[in-house]
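Asker: quick one, structure for this:
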Amino acid sequence: MAYKHKPSLIERIAEGIGLIPNLHQEEDYAPKVNSLTEPGDLTKFPPPDQWDNWTEYEAKAWPKKQKKTYSIVPTTCFNCESACGLLSYIDKETNEVRKFEGNPWHPGSRGRNCAKGPATINQINDPDRILYPLKRSGKRGEGKWDRVSWDEVLDDIAGRMRKALQEGRNNEIAYHVGRPGHEGYMDRVLQAWGVDGHNSHTNICSSGARFGYAIWYGHDRPSPDHANAKAMLLLSAHLESGHYFNPHAQRIIEAKMKGAKLIVMDPRLSNTASMADYWLPTYPGSEAAILLSLARELIINGWYNRDYVENWVNWDEYLKAAYPDKECTFENFIETLKEVYAEYTPEYAEAETGVPATTTREVAKVIAEAGTRFATHNWRSAGSGNLGGWAVARCLHFLNVLMGAVGTEGGTSPNTWNKYHPHFFDHPPAQKFWNELHFPKEYPLAFFEMSFLLPHMLKEGRGFMDVYFSRVFNPVWTYPDGFSWIESFSDEKQFGLHAALTPIWSETAFFADYVLPMGLASERHDLNTYETHAGVWIAFRQPVLREKARRDGKPVNFTYESNPGEVWEEDEFWIELSWRIDPDGSLGIKEHFISPYRPGEKITVDEYYQYIFEHTKGLPEAAAKEGLSALDYMRKYGAFLVEPSVYEKNLRELSAKELEGTEVNPLTQTIQKKGKTVGLMHQGKPVEGFPTPSGKNEFFSQTMVDWKWPEYAIPVYIKSHIHEETMDREKGEYPLVPTFRIPTLIHSRSGNAKWLYELSNHNPIWMHTEDAAKFGVETGDLLRINTEIGYFVDKVWVTEGMKPGVVACSHHLGRWRRLSDPAGNRWATAVVNIETDGNGAWKMKQIQGIQPFTSKDADSSRIFWSDGGVHQNITFPVHPDPISGMHCWHQKVRIERAQAGDEYGDIFVDTKKSFEVYKKWMEMARPAPGPKGLRRPLWIKRALRPAEETFYIK
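Answerer: Modelled structure (predicted):
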């Protein structure tokens, strides 16, 4: 039963006379999804039938009335994962993109954008951008580059890859991506090559939370239905650290306007926390303690959803495994929960987190009153910061399960329910290789590739990267221990050929062999689909000048012909490269790049998307109503709503075709096919269920038991590596929270957006006034922050908006370049001097802050800021969580006032020490094999999943 809040007399009077909304009457919470004919009334958007010829007054000509005529082409933003809709305004007279505004026909963003979307105009006009393919001419990292042709690039890389594949060195080819920005494209390419070469940034981003969710119900990301929620709980470093920032922010505020309560756990008073009804400034790493305390309150008060828990949780499996002497009844399960979680009182949570017990009890009532309309989210934040951070997401989902708010209206669904899964024209077979540089035996449960350990493993002699692509990816700057990356990139015995596919210069591109300019948001093709709300949509990122040329009757062969300089796009690059790797088809690669419309001919990028759109549910029919092909419809509108709302897909009945060759396990009622669970019998019907061994939410995980972690068979609180018990306060030790994002910046891609850096250009140490008094510092004073492997010197910001005893520093500032490097990102980069003794000791010193410069952009001479922040991440060692594989970002640091000679931005790192920390954390792992000689459980997802036989260690 749910807890029901009874309104007070004052509340009833205030509601009655209209002073406050009536928060206690049932409302229509049906999803409000904009249709194609009703984009919303936020502002008056140009109607699509006038996008080919839209006239408006030139804003810069005011007070004169000067008309400009535009061709408006839709695309999507590429400045975070949300892929919000953009409309590009192309001057019909000059063929110049003048501005970007929101696309009201995009179901996720609905015409609204945050600061990052319109700033795309800065990026495409950045005077420092790379316009032509470049090849290094000196030593790697020396800073000498020559312009080369795309043909030269393709032939050189293809020849090297062909040789590796012919010699069976498939695992020496890797594609390492930061922000993918597309749906499934590279999986096809890599499997066509036959390489286990997908490597991502996910284990420094989100894999901790992903594992916490996956071990519950097989899906690895949450999709909260904020707009229809009655209570929302965010474990946030400000709106999930920027993921779906704009689409989620809209819907959170909409819910609050309808009376929903917002609860935020964050040691900082972030923008999100400042809007919360309940701000819970938890001690970092303690979040699971308060979540289990909330769960205990729901259980002992009977505020749980019995029907859901009894039918959709594997409680019986738990009792049989852990308490075989108990009668297997649901009542005994609930009584067992009360015993198991008895210690997690609100008072215990207060001791661990600092959140008052009275607040915990009050929040539990808010959750109970919300019932199935309880939406939650955890992305980076606690899940990415702590040893055992994955347990935070696991304990958070426990609350959704108890309320039955899983896949419900106003609840939290699995991400895959709200994403479109495109149908491709060709499906290469799964690769028959397992790359232990990406998934080493030490981490059989790692949810994504252990990419941040790559330089350490190469130094150990575990492998070699013959051809390595880094794409929209900057590990030297983004990853921990960047100097170890510099050491590895500089060693040709570790990296044979490094091709950096990037729109702009980066700290990683400086150490590449090829720098290949790839298009920004309006200069490339991509398919986007994300879990922004409880619907399913797709969006089409397209090169707008190419589409403008097509409209004008001037089609182009390759996107770089319409882009500035010779800026290309990955979609066409991979097609051309694959064709050249296997010119005669003998390697079996070429066959996967043949047009489905022109037998024997190379597929074009238009044909690739044409096929997908022709096979998208409802899209061909919607296009036909307007006399358009499916591709032309997407070119016109830029997005399509596939399903307006999706709930309770676990109840979807399986079709007769899906049931072919299956059998029902009489004990578990799971539907099995070749020994694997494919569904579940529920109330006499075969339904989809969840992709777990039990087909249900797994409170009890036999997988954790089988893979040598029995102590974590059920949701538990794991004390972080930066728990208060580890701190020596007398020595100035503090937990440093380095995981939060500033909402106006873009990881490592803000540097070429002048408007964004004008807004946010430094990352001080957040410190509470009480702590500042202990050190005798004021805002602007210098602190030396000592890590396990070095230190950095930064300014302090003294604020009441920080939890006492905790400090924080934003992670995406401190960009740099050396005097020898090409001028790039000058809106954001300090000039530094880097020295090393050749024995692991590295020093970085800022020799020049950000300064005005002369360029084709007059604003470059008007730069008024000089501070670009401090590169804190490079001073952190790697902390691989032994279960999820997530890098645990939070640091135990020793704080002191700056020493004599310390200057702002000074950095010191000892990579020998960092290697020792790497080995120490590796020792925590419990390596494969698991049952039956497996490398990892067969049922758990794996990025770019190889053939099943590779899962077994021979």
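
Asker: ranking helices and strands of this structure by mean pLDDT, which lands last?
Answerer: helix 9-16 (a mean of 75; mean pLDDT, DSSP states H and E).

Asker: buried ones in it?
Answerer: Glu11, Ala14, Glu15 (16 or more other CB atoms under 10 Å). From N, CA and C alone the C-beta is placed, and that goes for glycine too.

Asker: equivalent analysis for stretch 832-841, please.
Answerer: For stretch 832-841, using 16+ other CB under 10 Å, the buried residues are Val832, Gly840, Ala841.

Asker: cool, and stretch 566-583?
Answerer: For stretch 566-583, by 16+ other CB under 10 Å, it's 566-582.

Asker: what's the local residue count around Glu607?
Answerer: Neighbour count of Glu607, defined by other CB atoms under 10 Å: 17.

Asker: likewise Gly411?
Answerer: Quick note: Gly411 (other CB under 10 Å) scores 28 neighbours.

Asker: the spatially closest residue to it that is not a sequence neighbour - how many residues pack around it?
Answerer: Counting by CB to CB, 6 or more residues apart in numbering, Ala405 is the residue found nearest to Gly411 once chain neighbours are left out, at 3.4 Å. Using other CB under 10 Å, Ala405 has 30 other residues around it.

Asker: same check, this time on Ser384
Answerer: 29.

Asker: got it, and Val909?
Answerer: 26.

Asker: residue contacts, it?
Answerer: Taking CB atoms under 8 Å, 6 or more residues apart in numbering, we find Val909 in contact with Asp481, Phe483, Ile789, Gly790, Ala841, Trp842, Ile874, Thr875.

Asker: what separates the residue nearest to Gly411 from Glu152, distance-wise?
Answerer: 57 Å (CB to CB, to the nearest Å).

Asker: try Ser810
Answerer: Going from Ser810 to Glu152 by CB to CB gives 41 Å.

Asker: and of the contacts of Val909, the nearest to Gln683?
Answerer: Nearest to Gln683 among the contacts of Val909, counting by CB to CB, is Asp481 at 53.2 Å.

Asker: so what's that closest one up against?
Answerer: Contacts for Asp481 were tallied using CB under 8 Å, 6+ apart; they are Phe452, Pro455, Ile789, Ile874, Phe876, Pro877, Val878, Val909, Thr911, Ser914.

Asker: more neighbours, Ser810 and Glu152?
Answerer: When Ser810 and Glu152 are compared for neighbours, Ser810 comes out ahead with 24 against 13, by other CB under 10 Å.

Asker: just checking, the more buried one touches Arg741?
Answerer: Yes. Counting by CB atoms under 8 Å, Ser810 does reach Arg741; the two are 6.7 Å apart.

Asker: in the stretch 51-200 of the chain, where is pLDDT below threshold?
Answerer: Nowhere does the stretch 51-200 of the chain drop to pLDDT under 70.

Asker: so which residues of it form helices?
Answerer: 120-124, 150-166, 185-193 (DSSP state H, counting those that start in this stretch).

Asker: again, but for the stretch 751-900 of the chain
Answerer: Under DSSP H, counting those that start in this stretch, the stretch 751-900 of the chain gives helices at 754-759, 769-775.

Asker: so which of those gets nearest Lys954?
Answerer: So among the helices of the stretch 751-900 of the chain, helix 754-759 is nearest, using CB to CB, at 51.0 Å.

Asker: buried residues in the closest one?
Answerer: Buried residues in helix 754-759 (16+ other CB under 10 Å): Lys754, Trp755, Leu756, Tyr757, Glu758.

Asker: nearest to Asp857 among these?
Answerer: Lys754 (7.5 Å).

Asker: ok, now which ones touch that closest one?
Answerer: Asn122, Asp126, Trp827, Asp857, Asp859, Ser860.

Asker: on that earlier part again, and the residue nearest to Gly411, how far is that from Pro247?
Answerer: Applying CB to CB to Ala405 and Pro247 gives a distance of 20 Å.

Asker: again, but for Thr787
Answerer: 36 Å.

Asker: before we move on, what about Thr502?
Answerer: 27 Å.

Asker: ranges for the helices of the stretch 251-400 of the chain?
Answerer: Counting by DSSP H, counting those that start in this stretch, the helices of the stretch 251-400 of the chain are 271-274, 287-300, 306-312, 315-322, 330-340, 346-353, 357-370, 381-385, 390-403.

Asker: and the ones you listed: which comes nearest Ala164?
Answerer: Using CB to CB, the nearest of the helices of the stretch 251-400 of the chain to Ala164 is helix 381-385, at 34.0 Å.

Asker: other residues contacting the closest one?
Answerer: 204-206, 208-209, 212, 235-237, 240-241, 265-266, 282, 284-285, 287-288, 389-390, 392-393, 720, 722, 737, 739-740, 886-890.

Asker: how about stretch 255-265?
Answerer: 21, 23, 27, 29, 226-236, 252, 270, 272-273, 275-282, 287, 290, 363, 366, 370, 373, 375, 382.

Asker: output that stretch as CSV, restricted to C-alpha atoms.
Answerer: Taking C-alpha atoms only, stretch 255-265 is exported to CSV below (Å, rounded to 0.1, in the frame of the first residue of the first chain):
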residue,chain,number,x,y,z
ALA,A,255,6.2,18.0,-13.5
LYS,A,256,7.0,20.5,-10.8
MET,A,257,4.5,22.9,-12.2
LYS,A,258,1.9,20.1,-11.8
GLY,A,259,2.9,19.6,-8.2
ALA,A,260,5.6,16.9,-8.4
LYS,A,261,8.3,16.9,-5.8
LEU,A,262,12.0,17.0,-6.7
ILE,A,263,14.6,15.3,-4.5
VAL,A,264,18.3,15.8,-5.3
MET,A,265,21.3,14.1,-3.7
